[in-house]
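Novice: Quick check, what structure comes out for this input:
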Amino acid sequence: MANRASSLTRQVAAWLLSMCACVSLFFVAASTASAEPAKFWGVDPIALPTTDQFQRLHGGGVDSVRFGINWHAIEKNQGQEPDWSGVDAMVTGIASAGMEGLPFITGAPDWAVPTVSVNAASDSSAPLHLPVRTGAEKSAWKTFVQTAAQRYGPNGTFWQAHPGVPVRPIRTWQIWNEPNFKYFVARPNPVEYGKLVKVSYTALKSVDSGAKIVLGGLFVHPKEGEDKYKKRKPRTAYFATEFLDQFYRSTPGIKTKFQGIALHPYTPSYNRLTPDIEEVRKVLAKYKDAGKGIWITELGWSSEKPSVENGNNQFEKGSQGQVKQLKGAFKLLEKNQRKWHIQRVYWFSVDDDASVCNFCDGSGLFGPGFTPKPSWPAFVKFAGGTP
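Specialist: Sure, this is the predicted structure:
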């Protein structure tokens, strides 16, 4: 009996050990399945945050800050010394707070590409076309991109000139912003965008062999991309899927020139994200590029309440409505992260500024005086930080 009891005890112990191992493996697998990629949570500031504000963002779980490098603003006059001071300040703040910067290189000065009005009511203007129609345009763009990489990339002149700033070289670059929409290029053209990506690839790789490119964030459904506007020539907008399809079809070998697709899936409700993202993934599968990751480089809703005076803007949800949309979108993106190959999510924006867009008066996570809105602790809960 004693031998039998001892044998039974050993069998039970072995069984329990086996079950514990299985349970442990289950939780490891589950944890791995739900884990997000590194640097997953990001933000888009409109104004330059202060040192304390950068620190607060990082403490809240923000991993990455997306910002613009506007050729037009930096090199307004041909032959004059470029003014990098605004970008320097942004890069300093991001690096000093321990975050990663994701720049999007965009815009063109008048001396390189003609500028035209795209909205008389808001006094908005944009380059007439992308800087690839002539050899001179391509050369000027290539030089500017190279200069940016030489300044902020590995062993860049910026880091050498600012020894007090932690060295966090920029290795990933977005090329343009919303290249399918008139507000950033008056005559969007997917064929020209393919050329721009190729020129940018050559420029970046000549400086940093490890540089990576993410496409400019495509506005998923601009109104001017609807069928009823397509007959207007020249085109002023494309849906993201149409633009991406023509981009791939018209640019042989383009798949090797970039590492990620970027989307700006602005929509009245987060429920629309699923069909919008899956339509884009179908285009990637069509061109046998389904392994490419998707970067959501802008996503957001306004805390302002919709009003008749403001045309009942569909992106204005009120304070609690903004929280509802953020939570719904983030849960959906987390749940489908592996299925959709989501690499990054950037909330637009950190702060409010009515002059930037028709819902930017309430798009921020913070209001006047950097006062947190209810959406900030909601963001922090996902990002794993402290409000």
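
Novice: before we move on, what SS does Ile235 have?
Specialist: Rather than Ile, residue 235 is Arg. Following DSSP: H, G, I helix; E, B strand; the rest coil, we place Arg235 in the coil state.

Novice: Run through the residues that contact the residue lying closest to it once chain neighbours are set aside.
Specialist: Spatial nearest neighbour of Arg235, excluding adjacent residues (CB to CB, 6 or more residues apart in numbering): Pro188 at 6.6 Å. C-beta coordinates here come from the backbone N, C-alpha and C atoms, glycine included. Shown in contact with Pro188 (CB atoms under 8 Å, 6 or more residues apart in numbering): 179-182, 235-238, 243.

Novice: can I get the residues you listed in JSON lines with neighbour count and pLDDT?
Specialist: Listed next are the contacts of Pro188 as JSON lines, based on neighbours: other CB atoms under 10 Å; pLDDT from 0 to 100:
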{"residue": "Pro179", "neighbour count": "25", "pLDDT": "98"}
{"residue": "Asn180", "neighbour count": "32", "pLDDT": "98"}
{"residue": "Phe181", "neighbour count": "26", "pLDDT": "97"}
{"residue": "Lys182", "neighbour count": "21", "pLDDT": "97"}
{"residue": "Arg235", "neighbour count": "19", "pLDDT": "95"}
{"residue": "Thr236", "neighbour count": "20", "pLDDT": "97"}
{"residue": "Ala237", "neighbour count": "22", "pLDDT": "98"}
{"residue": "Tyr238", "neighbour count": "25", "pLDDT": "98"}
{"residue": "Phe243", "neighbour count": "26", "pLDDT": "98"}
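
Novice: Between the residues you listed, which sits nearest Leu204?
Specialist: Distance to Leu204 across these (CB to CB) is lowest for Pro179, with 17.0 Å.

Novice: how close does that closest one sit to Gly107?
Specialist: Note on Pro179: its distance to Gly107, by CB to CB, to the nearest Å, is 12 Å.

Novice: same deal with Phe366?
Specialist: 26 Å.

Novice: higher neighbour count, the two?
Specialist: Comparing Phe366 with Gly107 by neighbour count (other CB atoms under 10 Å), the higher total belongs to Gly107, at 24 against 20.

Novice: Surely that one and Lys76 touch.
Specialist: No: if you go by CB atoms under 8 Å, Gly107 and Lys76 don't touch, sitting 10.5 Å apart.

Novice: Find the centremost residue of the protein, please.
Specialist: The chain has Thr297 as the residue nearest its centroid, 1.7 Å off, counting by CA atoms, centre = their mean.

Novice: ok so, going back, ok so the residue nearest to Arg235 is a helix residue?
Specialist: No: under three-state DSSP, Pro188 falls outside any helix and is assigned coil.

Novice: Mind putting the contacts of Pro188 into JSON lines with distance to Lys228?
Specialist: Output for those, formatted as JSON lines (distance: CB to CB, whole Å):
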{"residue": "Pro179", "distance to Lys228": "22"}
{"residue": "Asn180", "distance to Lys228": "17"}
{"residue": "Phe181", "distance to Lys228": "17"}
{"residue": "Lys182", "distance to Lys228": "16"}
{"residue": "Arg235", "distance to Lys228": "13"}
{"residue": "Thr236", "distance to Lys228": "13"}
{"residue": "Ala237", "distance to Lys228": "12"}
{"residue": "Tyr238", "distance to Lys228": "14"}
{"residue": "Phe243", "distance to Lys228": "18"}
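
Novice: Quickly name whichever of these is closest to Glu316.
Specialist: Phe181 (20.2 Å).

Novice: Can you read off the backbone torsions of the closest one?
Specialist: Per-residue torsions, Phe181: phi -140, psi 140 (degrees, to the nearest 10).

Novice: Give the full set of residues in contact with Gly300.
Specialist: 266, 315, 347-349, 359, 363.

Novice: Highest neighbour count among these?
Specialist: Ser363 (29 neighbours).
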